[in-house]
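*Asks:* All I have is the shape, not the residue letters:
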């Protein structure tokens, strides 16, 4: 069966009462049954009916929230759903379909029985034959839906006892409940990016795609960013040491490295977005956790948030402009362009002195 694209549910955004939402949906299906797909409609009922078991799993029909039947017809089926009626006065809801049943041109029964059932209903109001066949239709249609729903893992998300989350979380080694809700990144955001996080290899394109999707901002990954790595005292050259010239002798207290650090450039950003990435903010924590999930702790990294030129204002009294983060002396000239002179090291992995400076002297770039 070809699954048509279902129309959007006609539920107003402000509707919060569950019973009112369900009632409005049923009125829409009763008014325009042709606009709703069978699987979509049954999935909606399954999610909102509050039944003991999912549709197609119940062994006693009276516990199921809807009665399914087939409309005997020889006409070309314009849609899957022929008729729908909400439950009233203690009676369960009803839904009739055109296809997948004993009657019709595609059914197993001879065509004259379809004509007979239709004639008895249309001319005499006699539903005996059709109602008897619906005893089997109800079970067959719900089993047909259950076969489809079980093959669509995401359908289980509609119910509390869903299992799809555990399947995806297990791919990321987050299957145990104790491994969930442990940082500032929502678990379902990690599950959505499972394709990137589950791979054994890591590349800049994957990290860029994750951050651009999550924050909705322009992201650029700069590789091979030079850094100065401080040497431990026992690794430095000194009198009485066993270092050999030209082999393992290093002058100074740090060595220059360009293989183990990358930089994340964000922007150009508005002032609001720029501020949200300053140390201590929610986005700063989320960015840190995303990098840890994707890259781990093997590489060093920092962040360069780029502020739009029109939002880079000079220091003013009364303005909330943290020194060294979003404050500038004087006015920036338009020719200077966007402000990208801030570097943030969320991990704070120790000092990395700039070339030509003592480790005790800060570099020209602000570093948090």
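*Replies:* That came through fine. Since we're looking at a predicted model, the values are computed, not measured.

*Asks:* What are the buried residues along whichever helix in the chain runs longest?
*Replies:* Secondary structure of the chain read by DSSP state H shows that its longest helix is helix 128-151. The neighbour-count check on helix 128-151 (16 or more other C-beta atoms under 10 Å) flags 129-130, 133-134, 137-138, 141-142, 144-146, 148-149 as buried. For glycine as for every other residue, the C-beta is placed from the backbone atoms N, C-alpha and C.

*Asks:* Kindly report the same for stretch 99-115.
*Replies:* 99-104, 107, 114.

*Asks:* Show me the contact partners of the longest helix of the chain.
*Replies:* Contact with helix 128-151 is made by 38-39, 42-43, 46, 54-57, 61, 64, 67-70, 72, 97, 100-103, 113, 116-117, 120-121, 155-156, as judged by C-beta atoms under 8 Å, 6 or more residues apart in numbering.

*Asks:* Of these, just the buried ones, PyMOL syntax please.
*Replies:* Those of the contacts of helix 128-151 that count as buried under 16+ other C-beta under 10 Å are selected in PyMOL with:
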select buried, resi 38+39+42+43+46+54+55+56+64+67+68+69+70+72+97+100+101+102+103+116+117+120+121+155+156
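
*Asks:* Now, the contacts of helix 128-151 that are in helices?
*Replies:* Among the contacts of helix 128-151, DSSP H puts 38-39, 42-43, 46, 113, 116-117, 120-121 in helices.

*Asks:* Now render these as TSV, adding distance to residue 298.
*Replies:* TSV is the format used below for the ones in helices among the contacts of helix 128-151 (distance: C-beta to C-beta, whole Å):
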residue	distance to residue 298
38	51
39	46
42	49
43	44
46	46
113	72
116	75
117	71
120	76
121	72
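
*Asks:* Is it correct that residue 126 is in contact with residue 118?
*Replies:* No. Residue 126 lies out of contact with residue 118 (C-beta atoms under 8 Å); the separation is 10.9 Å.

*Asks:* follow-up on the earlier one: tell me the helix or strand right after the longest helix of the chain.
*Replies:* Using DSSP states H and E, the next helix or strand after helix 128-151 towards the C-terminus is helix 164-171.

*Asks:* average pLDDT across stretch 140-152?
*Replies:* Mean pLDDT, computed over stretch 140-152, is 94.

*Asks:* and residue 126 and residue 118? which has more neighbours close in?
*Replies:* Each of residue 126 and residue 118 has its neighbours counted (other C-beta atoms under 10 Å); residue 118 has more, 19 against 13.

*Asks:* Now do the end-to-end distance for stretch 39-57.
*Replies:* Counting by C-alpha to C-alpha, to the nearest Å, you get 16 Å between the two ends of stretch 39-57.

*Asks:* Oops, could you answer that again for stretch 325-333 instead?
*Replies:* 19 Å.

*Asks:* I'd like the ones in helices among the contacts of helix 128-151 laid out as JSON lines, including distance to residue 221 and pLDDT.
*Replies:* Putting the ones in helices among the contacts of helix 128-151 into JSON lines (distance: C-beta to C-beta, whole Å; pLDDT from 0 to 100) gives the following:
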{"residue": "38", "distance to residue 221": "46", "pLDDT": "95"}
{"residue": "39", "distance to residue 221": "41", "pLDDT": "95"}
{"residue": "42", "distance to residue 221": "45", "pLDDT": "95"}
{"residue": "43", "distance to residue 221": "40", "pLDDT": "94"}
{"residue": "46", "distance to residue 221": "43", "pLDDT": "92"}
{"residue": "113", "distance to residue 221": "68", "pLDDT": "95"}
{"residue": "116", "distance to residue 221": "71", "pLDDT": "96"}
{"residue": "117", "distance to residue 221": "67", "pLDDT": "96"}
{"residue": "120", "distance to residue 221": "71", "pLDDT": "94"}
{"residue": "121", "distance to residue 221": "67", "pLDDT": "93"}
